[in-house]
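Chemist: sequence first, then the predicted structure, then my questions.
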Amino acid sequence: MNTDAELITAVFIILACALAIQLLGRRIKMPLIIGYFLTGIVVGPYGLGLIGESGVSLLAELGVILLMFTIGLEISLKNLISMKKVVLIGGGLQLCLTTAAVWAIMVMLGFPSNTALFTGFLIAPSSTAIIMSLYQQSGDIENAHGKIALGMLIFQDICVIPMMLLVPIIAGNSSKNLAFELLNLGFGMLILAFVLVAAIIFVPRLLTKVASFRNHELFVITIVVICFGIAWLMSLNGVSLALGAFLAGVAIS
């Protein structure tokens, strides 16, 4: 996308195609998320080729950020914290058991142990954006099982950080630098904790200060900056942009 015209054209094509597919999908009660998948397949580089791969990636990331930010605005932080035991135990067991199951199956099929473990790391986490979109559409996001699932998804996304840092160790490329990798792991978790605390403590104060100016445009700009800023900071630490945008929404809510 080198010009403004190309960006506008890409947005128009995606939205027009999504609208047409969703209108047709409503007749067969097709979930919205499936319609979005079909839209990407049709307009993407491996479908009709109406939009290049770089354009699809950019607009997809932007869409996921806005989606997760909106979902975060509807979530109560107190409710999430109150379920910490269920989330930590359930999320931890899900990741460990899924990884162990994948590892065992692949080892029995003759794959190397480190390859099997790495594949387990890839399969164990779920897609937060897809699952939360389905829960939001069905209204289950406010139910007990929806909140528990949300907490477990957040836990999974956070666990991706140590998983990523353990990949060089699993590959056998850092046997001499184990201490350095562990130091990186601790540093990464420290940055994550700092961003979370800063978002929870300072974001509400910042919004209160901006709201006191009674300027709607300034307030909207501040919210947009917070959304993309937290998402960007989290991505620098290896966390998905989607989780960063979601946490920004939770902090603002």
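Modeler: Looks like it arrived, so ask away.
Chemist: helices along the stretch 101-250 of the chain, start to end?
Modeler: 113-123, 128-138, 144-171, 178-211, 216-236, 241-252 (DSSP state H, counting those that start in this stretch).
Chemist: tabulate these in JSON lines, adding columns for mean pLDDT, mean neighbour count and distance to residue 86.
Modeler: (Each C-beta comes from the backbone N, C-alpha and C, glycine too.) Output for the helices of the stretch 101-250 of the chain, formatted as JSON lines (pLDDT from 0 to 100; neighbours: other CB atoms under 10 Å; distance: least, CB to CB, whole Å):
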{"stretch": "helix 113-123", "mean pLDDT": "88", "mean neighbour count": "17", "distance to residue 86": "23"}
{"stretch": "helix 128-138", "mean pLDDT": "76", "mean neighbour count": "19", "distance to residue 86": "16"}
{"stretch": "helix 144-171", "mean pLDDT": "76", "mean neighbour count": "18", "distance to residue 86": "6"}
{"stretch": "helix 178-211", "mean pLDDT": "74", "mean neighbour count": "14", "distance to residue 86": "19"}
{"stretch": "helix 216-236", "mean pLDDT": "82", "mean neighbour count": "16", "distance to residue 86": "24"}
{"stretch": "helix 241-252", "mean pLDDT": "76", "mean neighbour count": "25", "distance to residue 86": "18"}
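Chemist: in TSV: those helices, plus distance to residue 45.
Modeler: Below are these laid out as TSV (distance: least, CB to CB, whole Å):
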stretch	distance to residue 45
helix 113-123	23
helix 128-138	21
helix 144-171	27
helix 178-211	33
helix 216-236	24
helix 241-252	21
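Chemist: indicate which one of the ones you listed is closest to residue 79.
Modeler: helix 144-171 (5.8 Å; CB to CB).
Chemist: can I get stretch 224-242 as PDB, trimmed to CA atoms?
Modeler: Listed next in PDB are the C-alpha coordinates belonging to stretch 224-242 (Å, rounded to 0.1, in the frame of the first residue of the first chain):
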ATOM      1  CA  VAL A 224      -7.000   5.700  20.700                       C
ATOM      2  CA  VAL A 225      -3.500   6.500  21.900                       C
ATOM      3  CA  ILE A 226      -4.000   4.300  25.000                       C
ATOM      4  CA  CYS A 227      -5.400   1.400  22.900                       C
ATOM      5  CA  PHE A 228      -2.600   1.300  20.300                       C
ATOM      6  CA  GLY A 229       0.100   2.400  22.800                       C
ATOM      7  CA  ILE A 230      -0.500  -0.500  25.200                       C
ATOM      8  CA  ALA A 231      -0.900  -3.000  22.300                       C
ATOM      9  CA  TRP A 232       2.500  -1.800  20.900                       C
ATOM     10  CA  LEU A 233       4.300  -2.000  24.200                       C
ATOM     11  CA  MET A 234       3.000  -5.500  24.800                       C
ATOM     12  CA  SER A 235       4.000  -6.600  21.300                       C
ATOM     13  CA  LEU A 236       7.600  -5.500  22.000                       C
ATOM     14  CA  ASN A 237       7.600  -8.000  24.800                       C
ATOM     15  CA  GLY A 238       6.400 -10.800  22.600                       C
ATOM     16  CA  VAL A 239       2.700 -10.600  23.600                       C
ATOM     17  CA  SER A 240       0.100 -10.500  20.800                       C
ATOM     18  CA  LEU A 241      -1.300  -7.100  19.800                       C
ATOM     19  CA  ALA A 242      -4.700  -8.500  20.400                       C
END
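Chemist: thanks a lot, catch you later.
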